[in-house]
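Visitor: from the sequence below, what's the structure:
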Amino acid sequence: MSEGTVSLPWIVIRQDDNGNRYRVGRYATRAEAQKIADSLDDRGHKQLYWVERIGQNGDGSRN
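Guide: Sure thing, here's the model as predicted:
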């Protein structure tokens, strides 16, 4: 990571009631991502939200 580059390895994923998945946002810490996922989940919609960490090869791993 070079100077001035921000690492955002945590992502929030949304899955709608049709099974479609979308990346909601990227975050620096798991706690920050989980806070966003929880606040979206608390809205009471049918969507499912969860947090994943992006691996070094760019893929996510569900947590």
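Visitor: stretch 8-18 spans what distance, first to last residue?
Guide: For stretch 8-18, the separation between the terminal residues is 28 Å (Cα to Cα, to the nearest Å).
Visitor: what pairs with Ile54 across the strands?
Guide: Legend: beta-bridge partners of Ile54 under DSSP bridges are Gly60.
Visitor: could you check how far it is from His45?
Guide: Ile54 is 25 Å from His45, where distance means Cβ to Cβ, to the nearest Å. (Each C-beta comes from the backbone N, C-alpha and C, glycine too.)
Visitor: which of these two has more residues huddled nearby?
Guide: The residue with more neighbours, out of Ile54 and His45, is Ile54; 16 against 12, by other Cβ atoms under 10 Å.
Visitor: so who does that one touch?
Guide: Pro9, Trp10, Ile11, Arg26, Gly60 (Cβ atoms under 8 Å, 6 or more residues apart in numbering).
Visitor: spatially nearest residue to the second one (excluding sequence neighbours)?
Guide: With Cβ to Cβ, 6 or more residues apart in numbering as the criterion, Trp10 has its nearest non-adjacent residue at 3.9 Å, and that residue is Ala33.
Visitor: secondary structure class for that neighbour?
Guide: helix (DSSP: H, G, I helix; E, B strand; the rest coil).
Visitor: got a pLDDT number for it?
Guide: At Ala33, the pLDDT value in this model is 98.
Visitor: could you verify my assumption that it touches Pro9?
Guide: No. Counting by Cβ atoms under 8 Å, Ala33 stays clear of Pro9, with 9.3 Å between them.
Visitor: who's more crowded, the two?
Guide: Between Ala33 and Pro9, counting by other Cβ under 10 Å, Ala33 is the more crowded of the two (26 against 16).
Visitor: which residues touch the most centrally placed residue in the chain?
Guide: Closest to where the C-alpha atoms of the chain average out (Cα atoms, centre = their mean) is Val12, at 1.4 Å. Neighbouring residues of Val12 by Cβ under 8 Å, 6+ apart: Arg23, Val24, Gly25, Tyr27, Ala33, Ile36, Ala37, Leu40, Tyr49, Trp50, Val51.
Visitor: ok, what's across the strand from it?
Guide: With DSSP bridges as the rule, Val12 is bridged to Gly25, Val51.
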